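**Student:** could you look at this predicted model? Sequence included:
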Amino acid sequence: MPAAVVIGAGIGGLSAGIALRQAGWDVSVLERAERLEPVGSGLAVAVNALRALDTLGLGDRVRALSRVQGKLGVRRPDGRWLAHTTAERAREEFDDSVVLLARATLVDVLAETLGADALRLGVTVTGVDAGTGVVRTDQGEHAADLVVAADGIRSATRRALFPGHPGPVYAGVTAWRGLVPWDGGPLPSTETWGRGRLFGAHLLADDVVYFYATDLSPEGAVHGDEREELLRRFGGWHEPIPSLLAAVRPERIVRGDVHAFATPLHAYHQGRVALVGDAAHPMTPNLGQGACQAIEDAVVLAHAVSEGPAHVAGGGLAAYSAARLERTTTIMRRSAAVCRATKIRNPVAVSLREAATALVTRFSSGLMLRSVREVLEWTPPRRAASGRGPAARA
């Protein structure tokens, strides 16, 4: 049986491990952490990623553990809606809906599906030979016909393979994330845009709200109390923002500067090594596509190497790069453009941005969805191979 080693047990790495196992590969997923402890945040799994999960037989399970995104849109800090649409309209457009769940829930589903026999925790990778597929670790060497680098935005594997690439750069904003229990009934999914600031809130399954916020900040700035910092910046905005910030436990708030590629890679492979997820195309979070694109990567990669080891360096990984480069680069750039729009602080420019956004709903609420059609209308190379998902059930 052909052997594959996956470096990193995040969403991209676990998805790649599952997809490769289902394609007939013997898989080992190496993770340096002693336990899988995903950052305490939520996740929107968009239509395109649900289609990819359908091919792994996991789409329906993820849907069952999630909350379907209901009314969603963009608001001003005073609460006035600028643009909005509904889950029903999304289903009409794309035959499915965006679902919301805790990141930890998705990681648990993926890890359970992969199987404990394929997951090696507490293993630190110290080097990779792209030509031979040998992976060196602090516990010995692994010989592999295929190596998948899913080791994140600071990927050591990527740096070794592409030493001349500048890597991720600071996007100019810092981001806060948190989870808050919610007993206030239905809550629309919203992003509120102010002058250089953004606050998003989404109700997940189990009556938990996932919130995130961004603001301009010097890179590496240190705050003494992150909740107080959030209240200072967003406490005067519309409800439920002040209530969420008052209720969140300070230790449940995670903050980090946002980094992304300004310069895309020219390939996502070298020799017997393929890059997936943030190792290949780190992007700002503004389109909610980081994890979704990692899942897509996994499915496309498994399809590209489905003919076995002889096809890996002899064309399979080149086909993977060709299939993923243009799409992920386009999404990465679109997300960066949205990030730039959220950073506007000039009052006149903000007013123009609000007027343009309001026109989207005034003329057609469907325009809001059609603007992301290129992102969401993606078909896996083996659509619904498991016999699951909306297309299979129709």
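**Tutor:** Arrived safely.

**Student:** only C-alpha atoms for contact and neighbour calcs from this point on.
**Tutor:** Will do.

**Student:** report the separation between Gly17 and Leu121.
**Tutor:** According to C-alpha to C-alpha, to the nearest Å, Gly17 stands 14 Å off from Leu121.

**Student:** what about these two, which has more around it?
**Tutor:** More neighbours surround Gly17 than the other of Gly17 and Leu121, with 34 against 17 (other C-alpha atoms under 10 Å).

**Student:** so that one sits against Ser28, correct?
**Tutor:** Yes. Contact criterion C-alpha atoms under 8 Å: Gly17 and Ser28 qualify, at 7.4 Å.

**Student:** shared neighbours, those two?
**Tutor:** Contact criterion C-alpha atoms under 8 Å, 6 or more residues apart in numbering; residues shared by Gly17 and Ser28: Val6.

**Student:** list the buried ones in the strand of greatest length in the chain?
**Tutor:** Criterion DSSP state E: the longest strand present in the chain is strand 169-181. Under the neighbour-count criterion of 16 or more other C-alpha atoms under 10 Å, strand 169-181 has 170-180 buried.

**Student:** could you do stretch 101-113 as well?
**Tutor:** Within stretch 101-113, the residues scored as buried using 16+ other C-alpha under 10 Å are 101-108, 110-111, 113.

**Student:** so which residues of the stretch 101-250 of the chain form helices?
**Tutor:** 103-114, 156-161, 226-234, 241-247 (DSSP state H, counting those that start in this stretch).

**Student:** okay, those in JSON lines with distance to Arg80 and mean pLDDT next?
**Tutor:** Putting the helices of the stretch 101-250 of the chain into JSON lines (distance: least, C-alpha to C-alpha, whole Å; pLDDT from 0 to 100) gives the following:
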{"stretch": "helix 103-114", "distance to Arg80": "30", "mean pLDDT": "97"}
{"stretch": "helix 156-161", "distance to Arg80": "44", "mean pLDDT": "98"}
{"stretch": "helix 226-234", "distance to Arg80": "16", "mean pLDDT": "97"}
{"stretch": "helix 241-247", "distance to Arg80": "14", "mean pLDDT": "96"}
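
**Student:** compare those helices and give me the one nearest Thr85.
**Tutor:** The closest of the helices of the stretch 101-250 of the chain to Thr85 is helix 241-247. By C-alpha to C-alpha, the value is 20.5 Å.

**Student:** any idea how far Gly57 is from Arg91?
**Tutor:** Distance from Arg91 to Gly57, by C-alpha to C-alpha: 21 Å.

**Student:** now do Pro181
**Tutor:** According to C-alpha to C-alpha, Pro181 and Gly57 sit 30 Å apart.

**Student:** before we move on, the earlier item: between Arg91 and Gly57, which one's more packed in?
**Tutor:** Under the neighbour definition other C-alpha under 10 Å, Arg91 and Gly57 were set side by side, and Gly57 has more, 19 against 13.

**Student:** any buried residues in stretch 309-322, and which?
**Tutor:** Buried positions in stretch 309-322, judged by neighbour count with 16+ other C-alpha under 10 Å: 309, 312-313, 316-321.

**Student:** next one: stretch 48-60
**Tutor:** Within stretch 48-60, the residues that qualify as buried are 48-59, counting by 16+ other C-alpha under 10 Å.

**Student:** got it, and stretch 30-46?
**Tutor:** For stretch 30-46, burial by neighbour count (16+ other C-alpha under 10 Å) applies to 30-32, 38, 41-46.

**Student:** and what of stretch 155-164?
**Tutor:** 155-158, 161-162.

**Student:** in CSV: these, plus distance to Val276.
**Tutor:** CSV is the format used below for the buried residues of stretch 155-164 (distance: C-alpha to C-alpha, whole Å):
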residue, distance to Val276
Ser155, 10
Ala156, 13
Thr157, 11
Arg158, 10
Leu161, 14
Phe162, 14
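
**Student:** please name the bridge partners of Val128.
**Tutor:** Residues in a beta bridge with Val128, per DSSP bridges, are Val135.

**Student:** cheers, nothing more for now.
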